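Trainee: Task: produce atomic coordinates for the following.
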Amino acid sequence: MNFAVLVFPGSNCDIDCYKAVEDTTGQSVEYVWHTATDLSKYDCIILPGGFSYGDYLRSGAISRFAPVMNEVVKAAEQGKFIIGICNGFQILLESGLLPGAMRRNDTVKFRCHQSDLKVQNNKNPFTHEYKIGEVIDIPIAHMEGNYYCDETTLVSLKENNQIIFTYEGENPNGSVENIAGICNKKGNVLGMMPHPERAVHELLGSADGKKMFTSVLSAWREKNGVAIG
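Mentor: Presented below is the predicted three-dimensional model:
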């Protein structure tokens, strides 16, 4: 399985994502610059966290127009696995690959700490190794993580089982319905504010994010009939 970690000017979690894939799956992973115009060799595309283009205008608003995003849209349409983490989630929202928008935290403060998430959907390629309702410990680090959508969109998210994670206990940013992560209707595109790549080993404070990477690997193997061994 081939993983791509996209790199935009201002990305700062690209190395974390690269190492997480390498350490948890042992699969091929490469950095891909934002000017790339071909993602055909990759099976899973990761949009990492950071402050792409300095968060000018809005978080992710400029990166949405990077040449590589045309290829991300094509990959999504082809059913390839795509995950946007933190700033990556913001970029997916700006690009229209996921519904809704991101606002500033209701505390108007940068929040950086461990956070409990509840798994609301374990039928997703990135979450099928978790149990439904399982509470996992995944850190957050964001200023604009307050997910918002209108009532019609919220109803649609619920009807289509697109809410993947919610904050359990404290809602650190004011997100509607405590939403921490959502997917598209097909389920192959996932966006989340917390950082699973920072939770792949107990030395980091939690290993609860590891299953996200091993889940997508097993989903790819099942999809392509690849035997484990």
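
Trainee: per-residue confidence for Ala227?
Mentor: At Ala227, the model reports a pLDDT of 73.

Trainee: now the helices for the chain?
Mentor: Here the chain has its helices, by DSSP state H, at 14-25, 67-77, 87-95, 151-159, 210-224.

Trainee: Extract the C-alpha set from the fourth one and format it as PDB.
Mentor: These are the backbone C-alpha positions of helix 151-159, laid out as PDB (Å, rounded to 0.1, in the frame of the first residue of the first chain):
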ATOM      1  CA  GLU A 151     -29.500  22.100  10.500                       C
ATOM      2  CA  THR A 152     -30.100  20.500   7.100                       C
ATOM      3  CA  THR A 153     -26.500  19.400   6.800                       C
ATOM      4  CA  LEU A 154     -26.600  18.100  10.400                       C
ATOM      5  CA  VAL A 155     -29.600  16.000   9.700                       C
ATOM      6  CA  SER A 156     -27.900  14.600   6.600                       C
ATOM      7  CA  LEU A 157     -24.800  13.800   8.500                       C
ATOM      8  CA  LYS A 158     -26.800  11.900  11.100                       C
ATOM      9  CA  GLU A 159     -29.000  10.100   8.500                       C
END
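
Trainee: Please shift the residue numbers so they start at 43 in all later answers.
Mentor: In the new numbering, first residue 43, that becomes helix 193-201.

Trainee: For that helix, buried residues please.
Mentor: Using 16 or more other CB atoms under 10 Å as the test for burial, helix 193-201 gives Thr195, Leu196, Leu199. For every residue, glycine as well, the C-beta is placed using N, CA and C.

Trainee: Including pLDDT, could the residues you listed go into TSV?
Mentor: Shown next, in TSV, are those (pLDDT from 0 to 100):
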residue	pLDDT
Thr195	98
Leu196	98
Leu199	98
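
Trainee: Just the C-alphas of stretch 56-68, formatted as CSV.
Mentor: This file holds the C-alpha atoms of stretch 56-68, laid out as CSV (Å, rounded to 0.1, in the frame of the first residue of the first chain):
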residue,chain,number,x,y,z
ASP,A,56,3.9,16.2,7.9
ILE,A,57,6.8,14.5,9.6
ASP,A,58,4.6,13.2,12.4
CYS,A,59,2.2,11.7,9.8
TYR,A,60,5.0,10.1,7.8
LYS,A,61,6.5,8.5,10.9
ALA,A,62,3.1,7.3,12.2
VAL,A,63,2.4,5.5,8.9
GLU,A,64,5.9,4.1,8.8
ASP,A,65,5.8,2.9,12.4
THR,A,66,2.3,1.5,12.5
THR,A,67,1.9,-0.1,9.0
GLY,A,68,5.4,-0.6,7.6
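
Trainee: pLDDT on that stretch, on average?
Mentor: pLDDT averaged over stretch 56-68 gives 97.

Trainee: Contacts for that stretch, please.
Mentor: 43, 45, 47-49, 69, 71, 73, 88, 90-92, 127, 237-240, 242-243, 251-252, 255-256, 259 (CB atoms under 8 Å, 6 or more residues apart in numbering).
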